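Asker: Fold the following.
(one chain, ligands or ions: 1)
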Amino acid sequence: MNQPLKLFDVAGADPEVRFSPYCWRIRLALAHKGLLVEAIPWRFSEKGVIAPSGQGAAPVLVDGDKWISDSWVIAEYLETAYLDRPSIFGSREAQGLARFINQWTDAVLTPAVARVVLPDVPDLLGEADHDYFVVTREAAFGVSFAALIERREEALAAFRQALQPLRSLLVRQPFLAGEAPNYADYIVFSVFQFARIVSAVELLEDDDPVAGWRARLLEACNGLAGAARRGHS
Ligand SMILES: N[C@@H](CCC(=O)N[C@@H](CS)C(=O)NCC(=O)O)C(=O)O
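Answerer: Okay, here's the model as predicted:
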C-alpha cells in the first residue's frame, strides 16, 4: 500500500513537456487527494510499456499489481480506493454530474480545442511519434493539419462559442464545484492546460470569466498546473 503510485503520462521529445488532457485531470485528482505519484514520461510509440493495462492509451495508473486505464475509470478508482483522502467528487450525486461533464468535455470541448491547437503538437514530438501523430489525428478529424492551420481563426471562434454554458456559470461562482475546485473543474481545465502546453495561441479574451477560473486552477493544488513546462517559448 505504501509503494508510490505510478502514472504513465504522455510526454513530448522533452520528457518534461506533459500535454495530455486526460493525464492532466488525473494528476490534479491525485494532488487533490494528496497522493504521491511518479509521473513517468510515456510516448505513443511505447505501447509495449503499458501493455499490461490491456490497451494502448495513457493515462495508465499502476497501483501495486493493479493496472488501470481510462481517466474516468482511474478517477472512480482513486475515489473508492482512497476514501480516507479528500473526495474528488464531493458526493455520489456530484459524481454522476461529473460524469456528464466528462462526456460533454470529451465530446464537445476537447475536439473544439483540438481544431485550434492540434497542428502545434507535432513540433513537440520526437521522431518516433511525429508521423504517427499526424496520420492518426488527420484521420480522426478527417482534415489535414494544413487545413486546420488555415481555419484556425474560425475554430477559435467556435471554441469560444462552445464555452458559453461554462461562462454563464463562472460569473456566478468561482469554480464548477462551487467555492473550491474538484474533479469537475479538473476535467474541463485539463483541456485548457493541454492547449497552454502545446500552443502559443491564446484561447480566451482577457475579460472572459473563464480566464479568471483558468488562472485559479493554474494555482490550485500548490500550483501544479501553473508550474508545468510549456513546449514553446
Ligand atoms: N478515454 C481515454 C482517452 C485517453 C487518450 O486518448 N489518450 C491519448 C493521449 S491524449 C493516447 O494515449 N492516445 C494513444 C494513441 O494515440 O496512440 C481517457 O479518458 O483516458
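
Asker: interface residues of this structure facing the ligand?
Answerer: Taking Cβ under 6 Å from any ligand atom as the contact definition, the chain meets the ligand at 10, 20, 22, 44, 56-59, 70-72, 136. Placement of C-beta: from N, CA and C, glycine included.

Asker: Going by neighbour count, which of those comes out on top?
Answerer: The most crowded member of the residues of the chain next to the ligand, judged by other Cβ atoms under 10 Å, is A58 (28 neighbours).

Asker: what's the spacing between that one and R43?
Answerer: In this view, A58 and R43 are 9 Å apart by Cβ to Cβ, to the nearest Å.

Asker: intersection of neighbour lists for the two?
Answerer: V10 (Cβ atoms under 8 Å, 6 or more residues apart in numbering).

Asker: in this protein, what spans have low per-residue confidence?
Answerer: 1-2 (pLDDT under 70).

Asker: Now with 80, please.
Answerer: Along the chain, the model assigns pLDDT under 80 to residues 1-3, 233.

Asker: just the strands in this structure please.
Answerer: 5-10, 37-42, 60-63, 66-69 (DSSP state E).

Asker: wait, what's in contact with V37?
Answerer: Neighbouring residues of V37 by Cβ under 8 Å, 6+ apart: 4-7, 27, 30.

Asker: Give me the neighbour count for the closest residue to D120 other than its chain neighbours.
Answerer: Nearest in space to D120, with sequence neighbours left out and distances taken as Cβ to Cβ, 6 or more residues apart in numbering, is S199 at 4.2 Å. Around S199 sit 23 other residues, with neighbours defined as other Cβ under 10 Å.

Asker: nearest to S168, of the strands of the chain?
Answerer: strand 5-10 (32.1 Å; Cβ to Cβ).

Asker: May I have the strands that pair with the closest one, each with its orientation?
Answerer: Sheet pairing of strand 5-10 (DSSP bridges) gives strand 37-42 (parallel), strand 60-63 (antiparallel).

Asker: chain center to it, what's the gap?
Answerer: A distance of 13 Å separates the centroid of the chain from that of strand 5-10, by Cα atoms, centre = their mean, to the nearest Å.

Asker: before we move on, the earlier item: ok, the residues of the chain next to the ligand vs Y186, which is closest?
Answerer: Minimum distance to Y186 across the residues of the chain next to the ligand is 9.7 Å, recorded for S71 (Cβ to Cβ).

Asker: Can you list the buried residues in stretch 71-83?
Answerer: For stretch 71-83, a neighbour-count test (16 or more other Cβ atoms under 10 Å) marks 71-72, 74-76, 78-79, 81-82 as buried.

Asker: swap in stretch 154-163?
Answerer: Residues 155-156, 159-160, 163 are the ones in stretch 154-163 that count as buried (16+ other Cβ under 10 Å).

Asker: which residues sit against that stretch?
Answerer: 108-109, 112-113, 115-116, 148, 201, 203-205, 208, 210.

Asker: ok, back up a step: farthest-separated two in the buried residues of stretch 154-163?
Answerer: Within these, A155 and L163 form the most distant pair, 13.1 Å apart (Cβ to Cβ).

Asker: which among the buried residues of stretch 154-163 gets closest to the ligand?
Answerer: Minimum distance to the ligand across those is 17.5 Å, recorded for F159 (Cβ to the nearest ligand atom).
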